[in-house]
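# just to be clear, the model below is a prediction. Sequence and coordinates:
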Amino acid sequence: MQRERLGSRLGFILLSAGCAIGIGNVWKFPYMVGQNGGGAFVLLYLFFLIVLGIPVMTIEFSLGRASQKSPVRLYQQLEPKGSKWHYHGYVAMAGNYLLMMFYTSVAGWMIQYFLSLASGKFEGMSSEQVGEAFGAVCANPATMVGFMALVVVLGFFVCSFGLQKGLERVTKYMMIALLVIMVVLAVNSFTMDGAKEGLSFYLKPDLGKMQEVGILNVVVGAMTQAFFTLSLGIGAMAIFGSYIGKERSLMGESVNVAILDTFVALVSGLIIFPACFTYNVEVGAGPSLIFVTLPNVFNHMPMGNLWGALFFVFMTFAALSTVLAVFENILSCCMDLFHWTRKKACVVNGVLMLILSLPCALGFNVLSGIHPLGGSTNFLDLEDFLVSNLILPVGSFLFVLFVVSKRGWGWKNFMAEANEGCGMKVKNWMRGYFTYVLPVIILAILIIGLITYFMPKG
């Protein structure tokens, strides 16, 4: 069967960036900056993006383009006979399902909040009432399941039209709209009273603040955020590598995707921090920043409903761009494994995803008595832990080993594939870094992530 192709290079860059740009950029990045002392964290994040994110993304793109297969089948195409690398393909496929089991609920929250702000639901509410509103959203099983189902149905409906007519076309418009809305929101933030203090906190490295938090904590936080932001380790990027031609070398394309991803993360901070300093909001508010803090901010702003609705349209697009990209990965795996048509894969996976996403959607209400990881944890915490702390770092570690090992694909094959076409090249001197330094950094992220997750809090 002829492999589908993307229609343009812009489509490839926007799709890959759309997969990378998600809630992690616009929700997690600002509060991580807030909790880790501002500008110094941003600088470290950029450093780790260059030394960690871009090399692993180049590897994933190369594996996809060389194999012309989805993650579940790429190893069979490239591994030496008799080796067992391909087992990781099934883990990568499972990782995509696990990620969507909670991401569909989070994307549903974004749509709900867009509708709430657009209809003026938060108008006149006190700070406490806005805080309680998020609790009420989670406590209602009908709306939680309803909006999750809307995301699943919408996602597979778009993917059912095929790569160019569905996924590429919709993501292209959505990503361009996302970038325009972001710039409009950022310009609006610059006009706020607290813009100067907010931007100073955000962009000016402060070693004193860094020492307060603990230099090692800030370094580890920046390293894990840079790693997490690009969705590496589950083959999400390999799939787009398999859909492009040989005209461009792949390190340059990885840089383009990373720049777009970073632009969105940085601009989200430009939107949020001036607002926090204008309205005396705690910058390190953590995950509640977006659902409790920001609706309060929009409440006090002139034309707050408009800005709030625009912000959550942008959040919805960020979430849906990732949903569509990962759904495409899932579909491609199923079409490769079972030789299904795209339509059949969409129907089967649509039903399967609805069922698999139920524990997360119901974990805040009907199943709230179940604490999979102890304490007050829920199914979202469990699924997020499995993906972020285990499957992404372990997957990236294996991808790196596969390309540097003589018992895997090997450095020469990787370099030949990555460097085909015009653009930035992988140099031979990088081999030592890819072989000895990169795997150690990824292992450190894995071990530190597990230790900090299970360390007693407080």
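Now that the structure is in, tell me what you want to look at.
# check the offset of stretch 428-435 from the chain's centre.
27 Å (C-alpha atoms, centre = their mean, to the nearest Å).
# in that stretch, what counts as buried?
Residues 430, 434 are the ones in stretch 428-435 that count as buried (16 or more other C-beta atoms under 10 Å). Using the backbone N, CA and C atoms, a C-beta is placed for each residue, glycine as well.
# regarding that stretch, how distant is the last residue from the first?
12 Å (C-alpha to C-alpha, to the nearest Å).
# how about residues contacting that stretch?
With contacts defined as C-beta atoms under 8 Å, 6 or more residues apart in numbering, stretch 428-435 is touched by 55, 400, 403, 404, 411, 415.
# report how many residues lie close to the second one.
The tally of other residues near residue 400 (other C-beta atoms under 10 Å) stands at 21.
# report the mean per-residue pLDDT for the one helix or strand it maps to.
Under the criterion of DSSP states H and E, residue 400 resides in helix 392-404. Across helix 392-404, the average pLDDT comes to 96.
# run through the neighbouring helices and strands of it.
Helices and strands touching helix 392-404, by 3 or more C-beta pairs under 8 Å, 6 or more residues apart in numbering; DSSP states H and E, are helix 54-67, helix 87-118, helix 215-228, helix 411-418, helix 438-454.
# what is the mean pLDDT for the longest one?
Helix 87-118 comes out with an average pLDDT of 95.
# now it, how far from the centre of its chain.
10 Å.
# next secondary structure after that helix?
helix 127-139.
# same question, the shortest one
Of the helices and strands lying after helix 411-418 in sequence (DSSP H and E), the nearest is helix 430-432.
# what of the first one?
Tracing the chain C-terminally past helix 54-67 and defining elements by DSSP H and E, one meets helix 71-78 next.
# mind listing residues that contact that following helix?
63-64, 66-69, 85-86, 88-90, 92-93, 96, 234-235, 238-239, 242, 329, 333, 336-337, 402, 409, 413.
# just the buried ones from those, in ChimeraX syntax?
Here is the ChimeraX command that selects the buried residues among the contacts of helix 71-78 (16+ other C-beta under 10 Å):
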select :63,64,66,67,69,85,88,89,92,93,96,234,235,238,239,242,329,333,336,402,409
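# kindly provide the distance from the closest residue to residue 29 other than its chain neighbours to residue 13.
Spatial nearest neighbour of residue 29, excluding adjacent residues (C-beta to C-beta, 6 or more residues apart in numbering): residue 265 at 4.3 Å. As judged by C-beta to C-beta, to the nearest Å, residue 265 and residue 13 stand 16 Å apart.
# tell me which of those two has more neighbours.
Neighbour count, other C-beta under 10 Å: between residue 265 and residue 13, residue 265 has more, with 26 against 21.
# and that one, which helix or strand is it part of?
helix 250-278.
# what angle separates that helix from helix 215-228?
Helix 250-278 runs at 120 degrees relative to helix 215-228, counting by axes from the mean of the first three to the mean of the last three C-alpha atoms, to 10 degrees.
# can you lay out the contacts of stretch 428-435 as a markdown table showing distance to residue 167?
What follows is the contacts of stretch 428-435, written out as a markdown table (distance: C-beta to C-beta, whole Å):
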| residue | distance to residue 167 |
| --- | --- |
| 55 | 26 |
| 400 | 28 |
| 403 | 27 |
| 404 | 32 |
| 411 | 33 |
| 415 | 30 |
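# got a quick ChimeraX command for the buried subset of these?
The following ChimeraX line selects those of the contacts of stretch 428-435 that are buried, judged by 16+ other C-beta under 10 Å:
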select :55,400,403,404,411,415
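# report the two of the contacts of stretch 428-435 separated the most.
Spatially, the most separated pair among those is 400 and 415, at 13.9 Å (C-beta to C-beta).
# thinking again about what came up before, distance from the chain centre to the helix holding residue 265, please.
Its chain's C-alpha centre and that of helix 250-278 lie 13 Å apart, by C-alpha atoms, centre = their mean.
# what pLDDT, on average, does the next helix-or-strand element following it get?
Tracing the chain C-terminally past helix 250-278 and defining elements by DSSP H and E, one meets helix 293-300 next. Helix 293-300 shows a mean pLDDT of 80.
# run through who's touching helix 293-300.
113, 116-117, 122-125, 127, 130, 133, 272, 275-276, 278-279, 281-282, 285, 304-305, 307-308, 311.
# for stretch 41-49, same thing?
29, 32-33, 202-203, 205, 210, 218-219, 221-223, 225-227, 229-230, 258, 262, 265-266, 269.
# tell me how far the ends of stretch 357-377 are from each other?
For stretch 357-377, the end-to-end distance is 17 Å (C-alpha to C-alpha).
# what residues sit buried inside it?
For stretch 357-377, burial by neighbour count (16+ other C-beta under 10 Å) applies to 357, 358, 359, 360, 361, 362, 363, 364, 365, 367, 372.
# so residue 91 makes contact with residue 399?
No - if you go by C-beta atoms under 8 Å, residue 91 and residue 399 don't touch, sitting 11.5 Å apart.
# more neighbours: the two, which one.
Neighbours per residue, other C-beta under 10 Å: of residue 91 and residue 399, the larger number sits with residue 399, 31 against 19.
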